[in-house]
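>>> Generate a structure from the sequence data that follows.
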Amino acid sequence: MNPDPDPCRDPDDGATALSSGDDPDASAPWSRLDPRMLLVHPVEEVLRLLPVLIGTVVLGSSSGNPYWGLAATAVLVAVGVSRWFTTTYRVGPVHVELRRGLLQRQELSIPRSRIRSVDVEQRVLHRLLGLAVVKIGTGQAAGAGDRNRFELNGLAADSVPALRSALLADLPGTDPGSADTRTAGASATSSPEVELARFDPRWVRYAPFSTTGLLGIAAVVGLAFQYGLGERIAESGSFERGVAAFAAAGVVVSIAVVAFVVLLVASIAACARYVLLYGNLRVTDDGRMLRIGHGLVKVRHSTLDRGRLRGVNLREPLALRLAGGARLDAIMTGVAAESGESSLVLPSAPEREVQRVAADVLTDPLPVHVPLISHGPAARRRRYTRALGPAVAVAAVVIGAFAVAGQALPLSATIVAAVAAVATGCALGWDRYRGLGHAVVPGRLVTRNGSVDRQRVSLDADGIIGWTVRQSFFQRRAGLATVVAATPAGAGHYEVIDIPQDQAWSLIDAVTPGCGDPWTRR
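Below you'll find the predicted structure:
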């Protein structure tokens, strides 16, 4: 008799090749996307390759042939139209299958039992035409060029709720257009839902405490220089007069003014992005599914199956934490934000509100509010050492650069730089140790670490499939260790950093009884 298969093994995870033998899905009909996508695909192709189109227009103008731009546009429109004619899909009792591609034909098949998430998006043009984009996630990272991404770009919006309910419920033998599926979708939507959170306009004040605005400014400046606009601005008389004014005002005043203007523009951009991206946010829970919908221009609806929920990650980046805010992500089996899948539950919001929603998602406030166990003086020394080293090194490099240039800093400036480096390192080390800790509550591991990007993770013990205890050379000398909990959910592993080495295996045994007992005896 063959042994039982490993329950952690997932041989059918992700998109797989279609089998050539008996196919239980053969009776399911193949369907096309909604014909209204003939108006959307060409526009998307033109926007996606807009830089190429601009280049052809410039080339045609310089060569005296204006038809280059028209020919390129016609090719893009033809490619967009061909996507509709070459894309078909079907939802069978066992698999969801997709065929697409004109020159390079591709066939994808996802077992319905492996579906981890179903996200629905509606971009501006989709909303105007009553269409939606359905993205089916399996937890497997997409390949190069997103070739393994299962996306149905162009379904009628009114047919999506029934399809989503059927896929997440994994109902055997149902079809999205059948009466059984419509009944299942109706029953899912008619079940009582509890609203966990709703968008509050006051949350916008937390938007500037992120890097999105600065990244947006950097992207705009990069595009300006890429297309030659930066050079034209630099050669203009207004720019030269501005440089002269800054030179007359002095270096300190110029840096302060530039920093203020950049931060002001970045804050306005971050606030605008926050409202457009998270406006109309609503988080609901019906006991079986968590549903998160948000967006003003581009609407997105994510459905997270509670059966695959393995915990929450309360994120507190430094700037956001200083403003009293945080954000919340769900830790879901097979759903990883790193691979482009949505795990967001709550964007930047007041810390108290985020903690309340986290307790509601876990149906237990204890992991969110339980005091954490500190890791002792050796971990504290390691935090200060690792923070002071880079700070002092940066100060030394700055002082050395001035010395190499033959412009040695005055003694007072050198002292100020050294004191600032030490103070910054001490503050960072103190904050890192203050945020370091762990706790074990019934059925869960709670761990927190970090300063610039602090995370407090509450992980279900049932979701942990393996443990690792590792020690670097310096950790061994300090009597510390890092405990790594492996899980198929979220980031794939979560760490308890710099715990005293004599507590490592006892911690594991407390979370997973019997797992650390042999090592504890040794």
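>>> what helix or strand does K135 sit in?
Taking DSSP states H and E as the definition, K135 sits inside strand 131-137.
>>> Sheet partners, orientation included, of that strand?
strand 117-122 (antiparallel), strand 150-156 (antiparallel) (DSSP bridges).
>>> Pull out the buried positions in the shortest one.
Along strand 117-122, the positions that meet the burial threshold by neighbour count (16 or more other C-beta atoms under 10 Å) are S117, V118, D119, V120, E121, Q122. Every C-beta, even on glycine, is put in place using the N, C-alpha and C of the backbone.
>>> With stretch 467-475 instead?
Of all the residues in stretch 467-475, those buried under the rule 16+ other C-beta under 10 Å are W467, V469, Q475.
>>> go on, stretch 384-395?
Y384, A387, L388, A391, A395.
>>> Most widely separated two among those residues?
Maximum pairwise distance in those, criterion C-beta to C-beta, is 16.1 Å, between Y384 and A395.
>>> So for I499, what pLDDT did the model give?
You'll see I499 listed with a pLDDT of 94.
>>> what about it, neighbour count?
I499 has 26 neighbours, counted by other C-beta atoms under 10 Å.
>>> Could I get the phi/psi values of it?
Backbone torsions for I499, taken as degrees, to the nearest 10, come to phi -90, psi 150.
>>> now the strands paired with strand 131-137 in TSV, with distance to P377 and mean pLDDT?
Formatted as TSV, the strands paired with strand 131-137 follow (distance: least, C-beta to C-beta, whole Å; pLDDT from 0 to 100):
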stretch	distance to P377	mean pLDDT
strand 117-122	44	84
strand 150-156	51	86
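>>> Could you point out which of the ones you listed sits nearest A485?
Among those, strand 117-122 comes nearest to A485, with 22.2 Å by C-beta to C-beta.
>>> Please give the element, helix or strand, for T303.
strand 299-305.
>>> Now do that strand: which elements does it pack against?
Using 3 or more C-beta pairs under 8 Å, 6 or more residues apart in numbering; DSSP states H and E, the elements in contact with strand 299-305 are strand 117-122, helix 160-169, strand 289-294, strand 325-332.
>>> neighbouring contacts of it?
If you take C-beta atoms under 8 Å, 6 or more residues apart in numbering as the criterion, strand 299-305 is touched by 116-122, 127, 164, 168, 280, 288-294, 330, 332, 335, 342-344.
>>> following it, which helix or strand shows up next?
strand 309-317.
>>> Which positions in the helix or strand following that following strand come out as buried?
Per DSSP H and E, strand 309-317 leads on to helix 318-322 as the next helix or strand towards the C-terminus. Along helix 318-322, these residues count as buried under the neighbour rule (16+ other C-beta under 10 Å): L318, L320, R321.
>>> what's the helix or strand containing A403 packed up against?
Remark: A403 resides in helix 376-404, with elements defined by DSSP H and E. With contacts taken as 3+ C-beta pairs under 8 Å, 6+ apart, helix 376-404 sits against helix 411-434, helix 473-478, strand 480-486, strand 493-500.
>>> With adjacent residues omitted, what lies nearest to L320?
F209 (4.5 Å; C-beta to C-beta, 6 or more residues apart in numbering).
>>> Save the buried residues of helix 318-322 as a markdown table, and put in distance to F402 and pLDDT too.
Output for the buried residues of helix 318-322, formatted as a markdown table (distance: C-beta to C-beta, whole Å; pLDDT from 0 to 100):
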| residue | distance to F402 | pLDDT |
| --- | --- | --- |
| L318 | 29 | 89 |
| L320 | 35 | 91 |
| R321 | 34 | 92 |
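>>> Relative to A270, which of the helices and strands packed on strand 299-305 is closest?
Set against A270 and scored by C-beta to C-beta, the helices and strands packed on strand 299-305 come closest in strand 325-332, at 12.7 Å.
>>> by contact count, what packs against the closest one?
Counting by 3+ C-beta pairs under 8 Å, 6+ apart, strand 325-332 packs on strand 299-305, strand 309-317, strand 344-350, helix 351-362.
>>> partners of the third one in the sheet?
Paired strands of strand 344-350, with direction, are strand 325-332 (antiparallel) (DSSP bridges).
>>> and what of the second one?
Here the strand partners of strand 309-317, with direction, are listed using DSSP bridges: strand 325-332 (antiparallel), strand 453-460 (antiparallel).
>>> In CSV, list these along with mean neighbour count.
Formatted as CSV, the strands paired with strand 309-317 follow (neighbours: other C-beta atoms under 10 Å):
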stretch, mean neighbour count
strand 325-332, 24
strand 453-460, 21
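>>> now the ones you listed as TSV including distance to L362?
Shown next, in TSV, are the strands paired with strand 309-317 (distance: least, C-beta to C-beta, whole Å):
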stretch	distance to L362
strand 325-332	10
strand 453-460	6
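>>> Return the residues in contact with the residue nearest to A421 when sequence neighbours are not counted.
What sits nearest to A421 in space, not counting adjacent residues and going by C-beta to C-beta, 6+ apart, is A395, at 3.7 Å. When contacts are counted by C-beta under 8 Å, 6+ apart, A395 is found next to A417, A418, A420, A421.
>>> what's the spacing between A395 and A423?
Relative to A423, A395 is positioned 11 Å away (C-beta to C-beta, to the nearest Å).
>>> cool, L290 as well?
Between L290 and A423 the distance is 44 Å, computed by C-beta to C-beta.
>>> Cool, thanks, talk later.
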